[in-house]
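Participant: how would this look folded up:
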Amino acid sequence: MDVEAHELVTRQGPPDTVAGWKAMAGGLLTDRSCAFHHNVEISARYAWIHRQLPTCFKWAGMAAIASHHVRLALLPLRLHADRTGYVEIPRGLGRRKVLLLEDVNTIRATNSAIFDDIFWVHLAYVTADDGIGRLRALLGAERHYAPVLAGFEVIDRGRRVLEGGAGSAAARRAAEELVWEGNVVLLEHEQRALVQPRFDRLSCAFARLVSMGAATTFDARGLRNEVAFFTSFYLDSLTRGLPDVLRARAWPRITRFDDRWRWIETSVVPRFRRFDADPRLIDASLRRILADGRTYASSPCMPPRILPSERPHGPPEGST
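Facilitator: Below is the predicted model of the structure:
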């Protein structure tokens, strides 16, 4: 976890295909781990790649925190863990009718699919002298990746100004907006191409449960911070989003793309931007996620106990 991205890719040699980059990214996760351990590893890798280029990799910061929260939706799988805490998915799904485990497994698979689809692109970009040139060569003919490449084109334009150091204050503000614009494009690709097809398979009962529980605070510690960054899907939909709800004449559901994207774009992203603007907050949150990754890196599975970041103490010391 402590190795820099450039060192990792230099040591192994940069792949020249999408499949090769996906394989390299997948190799950063253990070969065999339980659902919970796998989730912790994915969350930690997002936090790790964010730290390689924090001024530009905003999507990765959001993804780290979102993936970290996904583990709560996986809790029903713990009931089917063996004595070591390992969860064997096929065995657990044999009882899916009792606890909607098929839906829970869909959430797990969605989390993994997002990592497989987007994480490697960040790794490829940040480890090249001409990152956008590398992505153009890799993704130019890939229709699926057209939005991702477009997002990185915008991010790269903003990055060039920010790293140039010669622009005016207004130019730098405009460049920061470009960086965010590009990251929102990545987020929309994630939600439309990866999340939505899987959410369409969720049962109505599970969709209602997920909608009621959909909220985020970005792991900001302290009551004042919790309140400042808290946003609830239903609360937002039935207040600020009420005109859209009335026009649609349908009860809002987070599994419906239009409902979910309105909440993400108008509430979640603005709050994360304020959160990200305070280096202390974003750094402390991602360090807790990285600490979980280091804690469980050497264990074959996650035992059924509280994660370090859920215990009532301050952020861990050290951050790499």
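Participant: all helices for the stretch 101-250 of the chain, in order.
Facilitator: Secondary structure of the stretch 101-250 of the chain (DSSP state H, counting those that start in this stretch): helices at 101-114, 120-126, 131-139, 146-164, 169-189, 196-199, 204-213, 223-229, 233-237, 242-248.
Participant: got these as TSV, with mean neighbour count, distance to Leu29 and mean pLDDT columns?
Facilitator: Yep, even glycine has a C-beta here, placed from its N, CA and C like the rest. Below are these laid out as TSV (neighbours: other CB atoms under 10 Å; distance: least, CB to CB, whole Å; pLDDT from 0 to 100):
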stretch	mean neighbour count	distance to Leu29	mean pLDDT
helix 101-114	20	9	89
helix 120-126	24	12	98
helix 131-139	17	21	98
helix 146-164	18	21	97
helix 169-189	18	21	97
helix 196-199	16	20	96
helix 204-213	15	25	76
helix 223-229	13	29	61
helix 233-237	20	29	76
helix 242-248	11	38	71
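Participant: nearest residue to the middle of this protein?
Facilitator: In the chain, the residue lying closest to the centroid (CA atoms, centre = their mean) is Ala63, at 1.5 Å.
Participant: would you confirm that that residue contacts Val121?
Facilitator: No - using CB atoms under 8 Å, Ala63 makes no contact with Val121, being 11.9 Å away.
Participant: not counting residues beside it along the chain, what's closest to Asp200?
Facilitator: Thr255 (7.4 Å; CB to CB, 6 or more residues apart in numbering).
Participant: SS state for the one you found?
Facilitator: Following DSSP: H, G, I helix; E, B strand; the rest coil, we place Thr255 in the coil state.
Participant: hang on, the earlier thing: let me know which of the helices of the stretch 101-250 of the chain is the nearest to Lys58.
Facilitator: Closest of those to Lys58 is helix 169-189, at 4.0 Å (criterion: CB to CB).
Participant: and for that closest one, what's in contact with it?
Facilitator: Here helix 169-189 makes contact (CB atoms under 8 Å, 6 or more residues apart in numbering) with 55-59, 62, 118, 147-148, 150-162, 167, 261, 264-265, 269, 273.
Participant: CA atoms of stretch 124-138 as CSV?
Facilitator: Extracted C-alpha coordinates of stretch 124-138, given in CSV (Å, rounded to 0.1, in the frame of the first residue of the first chain):
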residue,chain,number,x,y,z
ALA,A,124,-2.5,4.6,-16.3
TYR,A,125,-2.9,8.3,-16.4
VAL,A,126,-0.9,9.3,-13.3
THR,A,127,2.1,7.1,-14.1
ALA,A,128,2.8,8.5,-17.6
ASP,A,129,4.6,11.7,-18.5
ASP,A,130,1.9,12.3,-21.0
GLY,A,131,-1.1,10.7,-19.2
ILE,A,132,-3.7,11.9,-21.5
GLY,A,133,-1.7,10.7,-24.5
ARG,A,134,-1.6,7.3,-23.0
LEU,A,135,-5.3,7.3,-22.4
ARG,A,136,-6.1,8.4,-25.9
ALA,A,137,-4.0,5.5,-27.3
LEU,A,138,-5.8,3.0,-25.0
